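[1] One predicted model, sequence on top.
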Protein chains: 2
Amino acid sequence: MTGSYEADVTVIGSGSWATAIVKMLSTNASKVCLYVQFEEELKYLKKFHHNQKYLSAVNFSPEKLILTGDINKAIKSAGIIILVTPAAFLKETLSPVKISFKGKTVCSAIKGFIPEDNCIVGEFMHNRYNVPYSDIVIITGPSHAEEVAMEKLTYLTIASQDRVKARNVANLLKNHYLRTILSDDIYGTEYAAVMKNIYAIGAGICIGLGYGDNFLAVLLSNAAMELKTFIDNIHPIDRDIKSSAYLGDLLVTGYSQFSRNRAFGNMIGKGYSVQNALMEMTMVAEGYYAAKGIHKIGSDMNLKIPIAEMVYRILYETVIPSKEVLKLTKILK
Amino acid sequence: MTGSYEADVTVIGSGSWATAIVKMLSTNASKVCLYVQFEEELKYLKKFHHNQKYLSAVNFSPEKLILTGDINKAIKSAGIIILVTPAAFLKETLSPVKISFKGKTVCSAIKGFIPEDNCIVGEFMHNRYNVPYSDIVIITGPSHAEEVAMEKLTYLTIASQDRVKARNVANLLKNHYLRTILSDDIYGTEYAAVMKNIYAIGAGICIGLGYGDNFLAVLLSNAAMELKTFIDNIHPIDRDIKSSAYLGDLLVTGYSQFSRNRAFGNMIGKGYSVQNALMEMTMVAEGYYAAKGIHKIGSDMNLKIPIAEMVYRILYETVIPSKEVLKLTKILK
């Protein structure tokens, strides 16, 4: 499978989800190239074969791993590139890239919005690096990295307009604890992955304010309806929003006490200022940036997305969270 | 509102959900008649004004409550009757009834299947007591009784073919912590309330077997799709299965560690026999009976409902739960 490349696949990123993805790949790939941006992390990984900060119980097989701090070498090393940085850092991470992505399958497992460009990763890679949409693959689905590390059964949806490319990526990822579902909906799956973080912040805010499980179920049901409205307007194809890449991803994040986005919302519901809540976060809450981006798109397209709008107002305007939630409670169904 | 009746509304049942419903009603109703089957419970309630076994922190206002152990008197006392017994006990509870339900609004808040008759409560009341479908009202939605007791914001869906009757019942129930949504889907809302208990058993089985949150999200997403398949076949009208009466109710039960049905499934996943798990339950797991009933309907109509079928086989046939779940994992999406 490697062909003229040094590795079967290159992973760009070294957080918890990147670590989980390298673990999954190591069943089927004979060589995985991992790009690590920070020198100290790279040194640690080379010495101890596990990530110091994230999922440190996951041990990498040194004979399967090519570790590099050179992004151009990393991209050159494989025909399949998986991007797994926080969305807000992708531009900076890729800024030293000099070689072309031409002919490569470019996968995003990011689940976030590129803040300055106000677009999803697939669009960004197309616009900035001329990657044709047919070369883009979205890796998504309900997947706490911690459960992948523990080999708990997980389903990933692999979306591409090119079924062969989706299948190639799926074949690299799947193993006894990892099932893959193929899809051609690169826009819908990526937008769903981005939006669910906004709804998880909303869920956190409500829980922080003292709302209970009865209300959470109503909020997330309405979020599922809103997600459908938004995505069907952005890219109107026939899709079942109840399948795991859309509803499943919303549920695993909205119901997880370990979700960064929900934890971030929870702090705000409990009375932290947005700035203080952001400072308390050790990992990026992708929904913070997504809320702003989705607000802009929603406004431009005149879409009714009241839950996402509420989260936007709480994060970016001087409003009182409890009053905003109370207003929302009057229109849910 | 009482008219020629002694009470605005009669509640038949004295479990936790009945207790929560009496609490809700006590904001707007000037008199609520409560039928309590067991003499000792009745005596205790008359003396202490709260339920001994369930939600004992909920205090009833004695001046608003008419307590009776006479089912005929109870039904005679009001024009609106709310049934809130376990489904398996409804027939027995109603067996001494001699007076007619004619002209009364008959509400079911039961969320269960009548085992021997293999039908939902609305159908049973129609078939057995000649209650016209236009007099039937279904009270459903994501609602842990414990949260209603704590006055946590809760949404109930009130379904009737007669909008005026639905509105009358809604007006009795709603208050500062209770919002109501009107619907005309008496079949769909009741079937959803019944089926979600089967899926909660399924969720419990999987969690008991060691599956994690990533899988639970996939299971419940697929359950939402299956629910739509089933209900749309039973009663094909235009409904959004993602609204709170359907998806919301599925989520609050499937994600709740306090759900009896999920707890029942969990024991089976952990290796208890079905008989032992049933014996451990202090309250009825409605899904146990529902699984059998839905299996029959599904088979008769040749419907593809693999999750409900899996739960049925685990509960009623000699199969190995882990093997059944493994088979299921291969077809989820």
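    Structure received.

[2] Just the buried residues of whichever helix or strand A:Glu92 is part of, please?
    Assigned by DSSP states H and E, A:Glu92 belongs to helix A:87-94. Buried residues in helix A:87-94, counted by 16 or more other CB atoms under 10 Å in any protein chain shown: A:Ala87, A:Ala88, A:Phe89, A:Leu90, A:Thr93, A:Leu94. Every residue, glycine included, has its C-beta placed from N, CA and C.

[3] Select, from those, the two members most distant in space.
    Farthest apart among the buried residues of helix A:87-94 by CB to CB are A:Ala88 and A:Leu94. That separation is 12.6 Å.

[4] Name the residues of the stretch 51-200 of chain A found near chain B, please.
    Where the stretch 51-200 of chain A comes near chain B, counting by CB under 8 Å from any CB of the partner chain, the residues are A:141-144, A:147-148, A:150, A:152-155, A:179, A:181.

[5] The residues you listed in helices, which ones?
    If you go by DSSP state H, those have A:Glu147, A:Val148 in helices.

[6] where does the stretch 51-200 of chain A dip in pLDDT?
    For the stretch 51-200 of chain A, no stretch is flagged by pLDDT under 70.

[7] can you rerun that using 90?
    For the stretch 51-200 of chain A, the stretches with pLDDT under 90 are A:53.

[8] which residues of it fall in strands?
    Secondary structure of the stretch 51-200 of chain A, counting by DSSP state E, counting those that start in this stretch: strands at A:65-68, A:80-83, A:105-108, A:113-114, A:119-120, A:136-140, A:154-160, A:178-183.

[9] before we move on, the earlier item: out of the buried residues of helix A:87-94, who's nearest chain B?
    Among the buried residues of helix A:87-94, A:Ala87 lies closest to chain B (CB to the nearest CB), at 21.3 Å.

[10] which bits of the stretch 201-333 of chain A sit near chain B?
    A:210-218, A:220-222, A:224-225, A:228, A:240-244, A:246-249, A:251-252, A:255-256, A:329-330, A:332-333.

[11] residues near the residue lying closest to A:Tyr246 once chain neighbours are set aside, how many?
    Nearest residue to A:Tyr246 in three dimensions, chain neighbours excluded: A:Ala192, at 4.4 Å (CB to CB, 6 or more residues apart in numbering or on different chains). When neighbours are counted by other CB atoms under 10 Å in any protein chain shown, A:Ala192 registers 29.

[12] which residues touch A:Ala192?
    A:Thr140, A:Leu227, A:Ile231, A:Ile241, A:Ala245, A:Tyr246, A:Asp249, A:Leu250 (CB atoms under 8 Å, 6 or more residues apart in numbering or on different chains).

[13] Quick check: phi and psi on A:Lys323?
    With angles defined as degrees, to the nearest 10, A:Lys323 sits at phi -70, psi -40.

[14] what about the residue nearest in space to the middle of chain A, distance to B:Ile201?
    What sits nearest the mean C-alpha location of chain A, by CA atoms, centre = their mean, is A:Lys111, with 1.9 Å. A:Lys111 sits 32 Å away from B:Ile201, going by CB to CB, to the nearest Å.

[15] which outside residues touch the helix holding A:Glu92?
    A:12-13, A:37, A:71, A:83, A:85, A:110-117, A:121, A:124, A:128-129, A:284, A:286, A:289.

[16] Please repeat the previous calculation with a cut-off of 7 Å.
    A:12, A:37, A:83, A:85, A:110, A:112-115, A:121, A:284, A:286, A:289 (CB atoms under 7 Å, 6 or more residues apart in numbering or on different chains).

[17] residues in contact with the residue nearest to A:Asn51 when sequence neighbours are not counted?
    When the adjacent residues along the chain are set aside, A:Asn51 lies closest to A:Thr19, with 4.8 Å between them (CB to CB, 6+ apart). Taking CB under 7 Å, 6+ apart as the criterion, A:Thr19 is in contact with A:Asn51, A:Tyr54, A:Leu55, A:Val58, A:Ala145.

[18] my read: the fourth one touches A:Leu25, true?
    Spelled out, it's A:Val58. No: judged on CB atoms under 7 Å, A:Val58 makes no contact with A:Leu25 at a distance of 11.8 Å.

[19] Show me which of the two is the more surrounded one.
    A:Leu25 (25 against 19).

[20] my guess is the more buried one meets A:Leu34, correct?
    No: assessed by CB under 7 Å, A:Leu25 is found out of contact with A:Leu34, at 9.6 Å.

[21] And the longest helix anywhere in chain A, what's buried?
    In terms of residue count, the longest helix belonging to chain A (DSSP H) is helix A:186-209. Using 16+ other CB under 10 Å as the test for burial, helix A:186-209 gives A:186-209.

[22] With stretch A:138-145 instead?
    For stretch A:138-145, the neighbour count (16+ other CB under 10 Å) marks A:Ile138, A:Ile139, A:Thr140, A:Gly141, A:Pro142, A:Ser143, A:His144, A:Ala145 as buried.
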